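1. what's the 3D shape of this:
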Amino acid sequence: MATVDDLIVQIKQYFIRPQWFDGSGADVTATVLPLFVNQAVHILERNLVTPFQTFSYQLTLAPNVQQYLLIPSGTPAVSYRSTRGITIPFQSGLASGIGARVFLQPHVQAREKWQLQKQVTANLQNTGPPEDYSVFWAPTLTPAQPGYWFWPVPNKAYVLNIDQLQWMPDLVAAQGPPQANWFTQNLPDLVLWEALKIAAFFLEDQKKYDRAKAARDEAWKTAQASVADLAFDEEGAAAAMVEPG
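-> Residues are numbered from 1 along each chain as shown. This is a model prediction of the structure:
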């Protein structure tokens, strides 16, 4: 296992370069080396889904409000990746006394289902407990942005359990205790060689780039094998094969 600081030391050793400078001669060691490590992690997490990327929270719907933020207030917007599932727990007080699953619908199909086809006598707005949700541009949010739409429009407050995938936050160097994440702890060699490949490209060092790429490709093969049996939901999908949705 490794921390971001461990990987930075190894980057310096690989290039025999304790200090890094930009084109104007300014020392950028403290900023550019953590950037290489974080770029490597973000490249890898686009291909491997880890338990550190799962995130759950509760959202309380308001009566007659259909559009909501994708993530809780205070969470960086860039951290949202996808929604794994939305449920209404039975404790939320549904009339039936049991919970329910809220199903993902493409926005156009949800609009067709609830605004064009479904006409309910004495309930022209089609309000009630949410049955479906879609993710689409939400003009009523401030500022306007992609958001959750719930169908039909909630007729009262409902508590939802939302399970998501999120992007990992950047690691920060020189912290106490030193920062790490699932990739640096479980696949440190893969993160290192990916970061070295990025750094070599930055330096226009073809020889070190080729070496780092060859080692990175080999580490990637072993990483795929090591996570093949991991699963993070009841569907049993292998971690390397999980599709956001």
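2. from now on I want contacts and neighbour counts done on CA atoms only, so please keep to that.
-> Will do.
3. for Tyr80, which non-adjacent residue is closest in space?
-> Closest residue to Tyr80 apart from its sequence neighbours, by Cα to Cα, 6 or more residues apart in numbering: Gln166 at 4.6 Å.
4. distance of the one you found relative to Ile43?
-> Separation of Gln166 from Ile43 (Cα to Cα, to the nearest Å) stands at 14 Å.
5. ok, which stretches of this protein are helices?
-> Under the criterion DSSP state H, the chain contains helices at 4-15, 29-45, 107-111, 182-186, 188-203, 206-227.
6. check which helices and strands the second one sits against.
-> Contacting helix 29-45 under the criterion 3 or more Cα pairs under 8 Å, 6 or more residues apart in numbering; DSSP states H and E are the following elements: helix 4-15, helix 188-203.
7. now for the last one, which elements pack on it?
-> Translated: helix 188-203. Against helix 188-203 (3+ Cα pairs under 8 Å, 6+ apart) you get helix 4-15, helix 29-45, helix 206-227.
8. returning to what we had before: dump the residue contacts of the residue nearest to Tyr80.
-> Contact partners of Gln166, counting by Cα atoms under 8 Å, 6 or more residues apart in numbering, are Gln53, Thr54, Phe55, Ser79, Tyr80, Arg81, Ser82.
9. 6 Å instead, please
-> Gln53, Ser79, Tyr80, Arg81 (Cα atoms under 6 Å, 6 or more residues apart in numbering).
10. re the thing from before, would you turn the helices and strands packed on helix 188-203 into TSV with mean pLDDT, mean neighbour count and distance to Phe90?
-> Below are those laid out as TSV (pLDDT from 0 to 100; neighbours: other Cα atoms under 10 Å; distance: least, Cα to Cα, whole Å):
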stretch	mean pLDDT	mean neighbour count	distance to Phe90
helix 4-15	97	18	43
helix 29-45	95	19	34
helix 206-227	92	16	35
